[in-house]
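# Kindly return the folded structure for what I paste below:
(chains A and B)
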Amino acid sequence: MSKKEKLINTLIDKHYNESYDINLLNQSRNQEQVDVNNNTVDKAVDTAGFESKMDGALEKMDLADNIDFNINIDTLKIIEQASQIQAKRNSFKENVCFIITSILILSVFSVVFINIGIKFLIYFQLILFFIMPWSLIPLSKHALRRSENE
Amino acid sequence: MDELNLIEKAKQGNKSALNLLLTENYNILKGYIIKMTGDPTLSQDILQETMLKAVLNIKKFSPKAKFSTWLITIATNLYRDSLRKNKRLTELDENIVSTSDNPEVDTISKLEYTEILQVIHGLSYEKRAVFILKHFYAYSYEEIGKILNCPIGTVRSRLHYSVKYIILELERRGITHE
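Numbering: from 1, shown residues only, chains lettered A, B, ... in the order given. Down below sits the predicted model:
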């Protein structure tokens, strides 16, 4: 990269308040002064000239801030749309979970049934017969609490 | 209410906090997207998609950066994706909304706005994004690097290129003089 390019880049960094090589800038300004004194201005990079050209151009670009298109977006509608998408995603996840759990339970049942035989079905029905009525108590309590909260 | 509080409430599912966050950052996001795309239909699509994505992923947002910065990052990614999918031709002048009552002034400013947008759109999307974020939103090189997912050196050189290009292009079009 030439010295001139480096200097221009430094001036751009300076314009945007970013860190820049101050030594390079000072050196260039000193050189400019030497060139003015020796009547060899053409060789120098006119830092002040470039800065004013850059300021003018970038000021023109500020006009872009006034550009507007007819865009109307209802943010509440977007939030509603997002809730619907979220609900759909959740129900999809629940369905997948249900299918996987069902397949797992049925597979375990099949394996146990193959190993133990008909006895397993009798044991299973006996367990269900005794445990299920008791499990209704906490389940109904949970349902009651839920309806109270709602 | 400050932004952090709003974000916290929005994360807990408070719809009015979420709505307030979106409306407060609406103009910044809209301005950025308009300058990036220069196309009303595409701007509308990206604005809508950005907000939808932000609402869906609000729980993933960590408030290290500003909410507007996060929205701008989403919008930039969506715009990049849309550029990959299809290239649109834009009729800039017909879609710019007038801000003046005087038809003559209106026509002149529309022409000027169109030229300015054309100059910005002469830059590639990466350089355009760097220039817009730096010039109009005063983001630091580091923040721009994070938004665009690129090193600071790249951001710096893209900005240098953009500014030099803009100076030359404005001179070429006779908008500024040598």
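# make it CA atoms for all contacts and neighbour counts henceforth
OK.
# can you tell me if the helix or strand harbouring B:Met51 touches chain A.
If you go by DSSP states H and E, B:Met51 is part of helix B:40-56. Yes: part of helix B:40-56 sits near chain A under the criterion C-alpha under 8 Å from any C-alpha of the partner chain, namely B:Pro40, B:Ser43, B:Gln44, B:Gln48, B:Met51, B:Leu52, B:Val55, B:Leu56.
# Would you mind stating the distance between the residue nearest the centre of chain B and chain A?
Per C-alpha atoms, centre = their mean, the C-alpha nearest to the average position across chain B is that of B:Tyr32, at 1.9 Å. Applying C-alpha to the nearest C-alpha, to the nearest Å, the value for B:Tyr32 to chain A is 9 Å.
# Which strand or helix spans that residue?
B:Tyr32 belongs to helix B:15-37, assigned by DSSP H and E.
# same question, A:Phe124
Judged by DSSP H and E, A:Phe124 forms part of helix A:118-149.
# Same question for A:Ile85.
helix A:75-116.
# same thing with B:Lys127?
helix B:125-135.
# Could you identify the helix or strand that succeeds that helix?
Taking DSSP H and E as the definition, the helix or strand right after helix B:125-135 is helix B:141-148.
# quick check: domain ranges of the chain?
In the absence of a named chain, chain A is used. A:3-66, A:69-116, A:118-150 (automatic domain parsing).
# Chain B was what I was after
B:1-88, B:101-178.
# In CSV: those, plus distance to A:Met61 and mean pLDDT.
Formatted as CSV, these follow (distance: least, C-alpha to C-alpha, whole Å; pLDDT from 0 to 100):
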stretch, distance to A:Met61, mean pLDDT
domain B:1-88, 11, 90
domain B:101-178, 6, 87
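# what's the closest of the ones you listed to A:Thr47?
In terms of C-alpha to C-alpha, the element of the domains of chain B nearest to A:Thr47 is domain B:101-178, at 14.0 Å.
# So which residues on chain B come close to chain A?
Checking chain B against chain A by C-alpha under 8 Å from any C-alpha, the hits are B:15, B:18-19, B:22-23, B:31, B:34-35, B:40, B:43-44, B:48, B:51-52, B:55-56, B:95-97, B:113, B:116-117, B:134-136, B:138, B:140-141, B:160, B:163, B:166-167, B:170, B:176, B:178.
# now the residues you listed: which count as buried?
Buried subset of the residues of chain B next to chain A (neighbour count, 16 or more other C-alpha atoms under 10 Å in any protein chain shown): B:15, B:18-19, B:22-23, B:31, B:34-35, B:40, B:43-44, B:48, B:51-52, B:55-56, B:95-96, B:113, B:116-117, B:134-136, B:140-141, B:160, B:163, B:166-167, B:170, B:176.
# and A:Phe50, what does it touch?
Contacts for A:Phe50 (C-alpha atoms under 8 Å, 6 or more residues apart in numbering or on different chains) come out as A:Ile8.
# Quick check: residues of chain A near chain B?
So far as C-alpha under 8 Å from any C-alpha goes, chain A lies against chain B at A:9, A:12, A:16, A:18, A:53-54, A:56-58, A:60-65, A:67-73, A:75-76, A:78-79, A:81-83, A:86.
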